[in-house]
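Visitor: Pasted the sequence and its predicted model underneath.
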Amino acid sequence: MSAATHPTTIHPTAVVGPGARIGYDCFIGPYCIIGDEVQLGDGVRLESHCVIDGRTTIGAGTQVFPFVSIGLASQDLKYKGEPSETHIGERNKIREFVTIHRGTAGGGMLTRVGDDCLIMAQAHIAHDCLIGDGVIMANAATLAGHVIIEDRANIGAYSGVHQFCRVGKEAYIGGYSVVVKDALPFALTVGNHAKCYGLNITGMKRRGYSRATIDSLHHAFHLLLSAKLNTTQAVERIKQEITDSPEVSDLLRFIEASQRGVTK
């Protein structure tokens, strides 16, 4: 770990396994339980009553609020105790009662959360999920196993994402939605079962995307959703009509890589 000057504070009621590796300037609050294979980066704060177990790494500057459970065994009945891992990135805020489970042999042996994410209270990240950077999961949002959430996506409160689904970057999933196919990047997807309502224009403006980029994506979504074309036809039209937008290229790559089909 780095040669920071601030010592780590461990509350006397906390239980820290002798093999755990704790960085500098960490805070481990009352009644936390830290397993033997856990690694905490510099400046990690575990406020109280947190349980961190298994082969779990938490990156520098991440703050974990009370009653969070990270790295415990998967709820997948096929999990047989294999030494899988949980990786949490840097500068995340993980709020009360969040659960994040370790990976399994059937999913790459890894559950991963990127950097700068906000995981709100009672959210659940199941085994083998891969979460990008800057993702927001609102209260009680739930990811089944093997879900991929790309950078800066926003998952609304009480929404559920079916196993093996993907949510594209900058996507916005409305509250109480049920996502059973891949949710398109840059799009607003809402409902049970979820439907795509086009480009998330408000979100794009807030993120500082240019007018030209927004117009290109808006045209692409028109072809996908409103032009009475099937998905294959719409993709071909988009390739012909929009040739200079990296974001549209990202959208096309996402569609063409889909295994479950995309939400339209």
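Guide: Received, thanks.

Visitor: Spit out the contact partners of the spatially most central residue of the chain.
Guide: Residue closest to the average C-alpha location in the chain (C-alpha atoms, centre = their mean): Ile131, at 3.1 Å. Ile131 sits next to 112-114, 117, 125, 149 when contact means C-beta atoms under 8 Å, 6 or more residues apart in numbering. Bear in mind the C-beta positions are built from the backbone N, C-alpha and C, glycine included.

Visitor: Looking at it now. What's its pLDDT?
Guide: At Ile131, the model reports a pLDDT of 98.

Visitor: Pull out the buried residues from the host helix or strand of Lys195.
Guide: Under the criterion of DSSP states H and E, Lys195 resides in strand 194-199. Neighbour-count burial for strand 194-199 flags 194, 196-199 (criterion: 16 or more other C-beta atoms under 10 Å).

Visitor: mean confidence for the helix or strand just after it?
Guide: Reading on from strand 194-199 to the C-terminus, the next helix or strand found by DSSP H and E is helix 201-206. Regarding helix 201-206, the rounded mean pLDDT is 93.

Visitor: circling back: tell me what the strand holding Lys195 is packed against?
Guide: Here strand 194-199 touches strand 187-191, helix 211-225, going by 3 or more C-beta pairs under 8 Å, 6 or more residues apart in numbering; DSSP states H and E.

Visitor: Output the last one as PDB - backbone C-alpha positions only.
Guide: The C-alpha coordinates for helix 211-225 follow below in PDB (Å, rounded to 0.1, in the frame of the first residue of the first chain):
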ATOM      1  CA  ARG A 211     -25.900  19.000 -30.400                       C
ATOM      2  CA  ALA A 212     -24.600  17.100 -33.400                       C
ATOM      3  CA  THR A 213     -24.100  13.900 -31.300                       C
ATOM      4  CA  ILE A 214     -27.600  14.200 -29.900                       C
ATOM      5  CA  ASP A 215     -29.100  14.800 -33.400                       C
ATOM      6  CA  SER A 216     -27.300  11.700 -34.800                       C
ATOM      7  CA  LEU A 217     -28.400   9.500 -32.000                       C
ATOM      8  CA  HIS A 218     -32.000  10.900 -32.200                       C
ATOM      9  CA  HIS A 219     -32.100   9.900 -35.900                       C
ATOM     10  CA  ALA A 220     -30.700   6.500 -35.100                       C
ATOM     11  CA  PHE A 221     -33.400   5.800 -32.500                       C
ATOM     12  CA  HIS A 222     -36.000   7.000 -35.000                       C
ATOM     13  CA  LEU A 223     -34.900   4.400 -37.400                       C
ATOM     14  CA  LEU A 224     -34.800   1.700 -34.700                       C
ATOM     15  CA  LEU A 225     -38.100   2.500 -33.100                       C
END
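
Visitor: That helix versus strand 187-191: what angle between them?
Guide: In terms of direction (axes from the mean of the first three to the mean of the last three C-alpha atoms, to 10 degrees), helix 211-225 departs from strand 187-191 by 40 degrees.

Visitor: and the angle for helix 211-225 with strand 194-199?
Guide: Helix 211-225 and strand 194-199 are oriented at 140 degrees to each other (the same axes, to 10 degrees).

Visitor: which SS state does Thr243 fall under?
Guide: coil (DSSP: H, G, I helix; E, B strand; the rest coil).

Visitor: Show me what the strand holding Lys195 pairs with in its sheet, parallel or antiparallel.
Guide: Applying DSSP bridges, strand 194-199 is found paired with strand 187-191 (antiparallel).

Visitor: buried set for the partner strand?
Guide: Residues of strand 187-191 classed as buried: 187-190 (neighbour count, 16+ other C-beta under 10 Å).

Visitor: and if you look at stretch 204-223?
Guide: In stretch 204-223, the ones that count as buried by 16+ other C-beta under 10 Å are 204, 209, 213-214, 216-217, 219-221, 223.
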